[in-house]
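K.L.:
build the 3D model from these lines:
(one chain, ligands or ions: 1)
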Amino acid sequence: MATNSKEERSLWSFQILRVSGIPIKVHLTFLLFLVWILFALGENALKTVGFILALFLCVALHELGHALAARHYGIETSSITLYPIGGLAIIEKRPKPAAEIWIALAGPLVNIVIAFFLALGQTAKTGKLPGLEIQGAGVSFIQAMFAANLVLALFNLIPAFPMDGGRVLRALVSLRVEEPRATSIAVGIGQSLAVFLFFGGMLEQNWILVLVAALVFIAASQELAVTTAQSLMEGKAASDAMITEVVIVGSGETIEDVAKHLIHGSQHDFPVKLGDDILGVITHAQIVQALALDLGSDYVAGHMSRDFASCKPTDDLELISEQIQTGSQLPIIVIDADGRFQGMVTKESVSEYVMLAHARSRQRSKKTPSLMP
Ligand SMILES: [Zn+2]
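P.N.:
All right, here's what the predicted structure looks like:
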């Protein structure tokens, strides 16, 4: 799997090694999973742990396949993390469709190459091709790894998010249809497949299949929300999504004064200025807290946050939005080159912007011919 979303700030994973500059991390749950197997399986545990470690080496190689293909297209990979359910390579930006096809295919291709060499080795040793069993009596290690790599490749080629096949499908569609409609078509196909798998699993009483189908369905909607927002913000600037009608309070005003703005206006957080300079930001929560402590007559300067973030009107909207989501959640103050206040970008103003841009893009896509039969 490869993703360009940037959700990697986890304290739960740590680096085990670095391959051509790419940090390879292991998530703590993966180690807990191995420990659990050691305790749960008794005498066969060591063999199983060995198999899982070998399998995850193949998963890591799969992710490196994505990473090196991405590098070929000039996109770096910030990290590869191994989870109990698989690996995740975080690539730094969304590739163009033609590149995305190859980057997504490179992972499963690695497993097919590994399977090919294991089959060669097995045939040289025993004179016959390995079968498809992963476990059971008489199944050798090579045979099990061969089957596991084929399963890895095929599973990842299922054309639904979050599998690689979903990305290939989206990229193929977006060669013909503009984003974000391409993503919504790919998500629609993936979700239909998930529904099909879900009922298939129920009929067969295959609960793993039912679970996978449910996860695929949920992951597809998340992918849709994230990539739709990303593509609508692509190439846009902070000034496109900033609020310009902002109530700015003076540092000498009291908490009671600002509370009035809370009641009579719709703004939650207020920039605080001294002269022409913005000194800080006082938030809804800080105002409420001060009032609860009966400190309404205090000056706002004593209760505001001074470590707020600021940006220029031309700064990249995607980066700003990410900063708001993952950072302190404070609004980002937009200041021009001369240090003058221009507006502020908040979580709400970004989602408002994305919603309106989405509405406009749907209007546009109605006028372009669709790929769907
Ligand atoms: Zn992959």
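K.L.:
buried ones in stretch 219-232?
P.N.:
The neighbour-count check on stretch 219-232 (16 or more other Cβ atoms under 10 Å) flags 219-220, 223-224, 226-232 as buried. Any C-beta I mention is one placed from the backbone N, CA and C, and that applies to glycine too.
K.L.:
need the CA coordinates for that stretch. PDB is fine.
P.N.:
What follows is the C-alpha trace of stretch 219-232 in PDB, where atoms were taken according to Å, rounded to 0.1, in the frame of the first residue of the first chain:
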ATOM      1  CA  ALA A 219     -11.400   3.100   3.900                       C
ATOM      2  CA  ALA A 220     -13.000   3.900   0.500                       C
ATOM      3  CA  SER A 221     -15.100   6.700   1.900                       C
ATOM      4  CA  GLN A 222     -12.200   8.100   3.900                       C
ATOM      5  CA  GLU A 223     -10.100   8.100   0.800                       C
ATOM      6  CA  LEU A 224     -12.800   9.900  -1.000                       C
ATOM      7  CA  ALA A 225     -13.100  12.600   1.600                       C
ATOM      8  CA  VAL A 226      -9.300  13.100   1.900                       C
ATOM      9  CA  THR A 227      -8.400  13.100  -1.800                       C
ATOM     10  CA  THR A 228     -11.500  15.200  -2.700                       C
ATOM     11  CA  ALA A 229     -10.400  17.900  -0.200                       C
ATOM     12  CA  GLN A 230      -6.700  17.600  -1.300                       C
ATOM     13  CA  SER A 231      -7.500  18.000  -5.000                       C
ATOM     14  CA  LEU A 232      -9.800  20.900  -4.400                       C
END
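K.L.:
next one: that stretch to chain centre, how far?
P.N.:
Here the centre of mass of C-alpha atoms in stretch 219-232, compared against the chain's by Cα atoms, centre = their mean, to the nearest Å, lies 9 Å away.
K.L.:
of all of the stretch 101-250 of the chain, which residue lies closest to the ion?
P.N.:
In the stretch 101-250 of the chain, the residue that lies nearest the ion is residue 107 (3.2 Å; Cβ to the ion).
K.L.:
distance check, that residue against residue 65.
P.N.:
When Cβ to Cβ, to the nearest Å is the yardstick, residue 107 and residue 65 sit 5 Å from each other.
K.L.:
neighbour count winner among the two?
P.N.:
Regarding residue 107 and residue 65, a neighbour count based on other Cβ atoms under 10 Å identifies residue 107 as having more, with 28 against 23.
K.L.:
confirm that one sits in a strand?
P.N.:
No. Checked against DSSP: H, G, I helix; E, B strand; the rest coil, residue 107 lies outside a strand; its state is helix.
K.L.:
that one contacts residue 67, correct?
P.N.:
No. In this structure, residue 107 is not within contact of residue 67 by Cβ atoms under 8 Å, at 9.2 Å.
K.L.:
what about residue 235, which SS state?
P.N.:
Recorded secondary structure, residue 235: coil (three-state DSSP).
K.L.:
quick one: neighbours of it, just the number.
P.N.:
Residues within reach of residue 235, counting by other Cβ under 10 Å, total 10.
K.L.:
can you pull the phi/psi pair for it?
P.N.:
Note on residue 235: backbone dihedrals following degrees, to the nearest 10 are phi 70, psi 0.
K.L.:
can you name the residues that contact it?
P.N.:
By Cβ atoms under 8 Å, 6 or more residues apart in numbering, no residues touch residue 235.
K.L.:
okay, domains of this protein per the record?
P.N.:
Listed domain ranges for the chain are 1-157, 162-234, 238-357 (source: automatic domain parsing).
K.L.:
of these, which stretch is the most buried?
P.N.:
Using mean count of other Cβ atoms under 10 Å, the stretch among the domains of the chain with the greatest mean number of neighbours is domain 162-234 (a mean of 19).
K.L.:
what about the one helix or strand residue 117 maps to, average pLDDT?
P.N.:
Using DSSP states H and E, the secondary-structure element containing residue 117 is helix 97-126. Rounded to a whole number, the mean pLDDT of helix 97-126 is 91.
K.L.:
from residue 152, how far out is the residue of the chain most remote from its centre?
P.N.:
Residue farthest from the centre of the chain, counting by Cα atoms, centre = their mean, is residue 127 at 45.6 Å. Shown here: residue 127 relative to residue 152, a distance of 26 Å by Cβ to Cβ.
K.L.:
and what of residue 183?
P.N.:
Here residue 183 is placed at a distance of 25 Å from residue 152 (Cβ to Cβ).
K.L.:
got it, and residue 97?
P.N.:
Note on residue 97: its distance to residue 152, by Cβ to Cβ, is 24 Å.
K.L.:
so where do the helices sit in the stretch 1-150 of the chain?
P.N.:
Ranges of helices in the stretch 1-150 of the chain, per DSSP state H, counting those that start in this stretch, are 28-40, 45-72, 97-126, 141-156.
K.L.:
could you dump those into CSV and include distance to residue 81?
P.N.:
What follows is the helices of the stretch 1-150 of the chain, written out as CSV (distance: least, Cβ to Cβ, whole Å):
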stretch, distance to residue 81
helix 28-40, 9
helix 45-72, 9
helix 97-126, 14
helix 141-156, 16
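K.L.:
nearest to residue 178, out of the ones you listed?
P.N.:
helix 97-126 (10.8 Å; Cβ to Cβ).
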